[in-house]
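In: Fold the following for me, if possible:
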Amino acid sequence: MAAKRKKRKKSITGGGGRITWSASSRCVPGRLRAAINYVARNFGRVRVNSTCRSRKHNRRVGGASRSWHLKSRAADFRVFGNVGKTARYLRRVVGGYKHYGGGLFHIDTGPRRSW
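Out: Numbers count the residues shown, from 1 in each chain. Here you go, the predicted structure:
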């Protein structure tokens, strides 16, 4: 009987940074993908934790009932590098923005706002 193989996470290397996708990369809008790529190249390694969600998954993780993740227009990620510069950059280039602390961010394509 063959041993089961672990599903490998998709890594994208570009410039000086690295991106690991722990969630689907296919549903991330180009604008957010560009912001994540910029962060990885300029501020440090990135791990994308959450992108598009089903309603069931969104409820399970405590997401907002009108979450931009449900529309495939949001991403949550952690940066392992310069958190301050990442925050300043993201506030300028995305719609919805939240820094949870410790390098963990939410970004989306909605109207410009933070909470």
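
In: Every contact and neighbour count from this point should use C-alpha atoms.
Out: Noted.

In: Where do the strands of the protein begin and end?
Out: 10-14, 17-21, 44-50, 74-81, 96-101, 104-108, 113-114 (DSSP state E).

In: In stretch 69-78, which residues are buried?
Out: 69-70, 72-78 (16 or more other Cα atoms under 10 Å).

In: low-confidence ranges in this structure?
Out: For the chain, applying pLDDT under 70 flags the ranges 1-17.

In: Please report how far H99 lies from S54.
Out: 23 Å (Cα to Cα, to the nearest Å).

In: Settle it for me: which of those two has more neighbours?
Out: Using other Cα atoms under 10 Å, the more surrounded residue of H99 and S54 is H99, with 20 against 12.

In: Nearest spatial neighbour of the more buried one, chain-adjacent residues omitted?
Out: Sequence neighbours aside, F105 is the residue nearest to H99 in space, at 4.6 Å (criterion: Cα to Cα, 6 or more residues apart in numbering).

In: got it, and A64?
Out: N58 (7.5 Å).

In: For that neighbour, give its distance to A35.
Out: Going from N58 to A35 by Cα to Cα gives 23 Å.

In: sorry, back to before: distance check, the residue nearest to A64 against G102.
Out: Distance from N58 to G102, by Cα to Cα: 22 Å.

In: Those two: who's more crowded?
Out: Taking neighbours as other Cα under 10 Å, N58 and G102 compare with N58 leading, 17 against 10.

In: Now do the contacts for that one.
Out: N58 makes contacts with 64-65, 69-70, as judged by Cα atoms under 8 Å, 6 or more residues apart in numbering.
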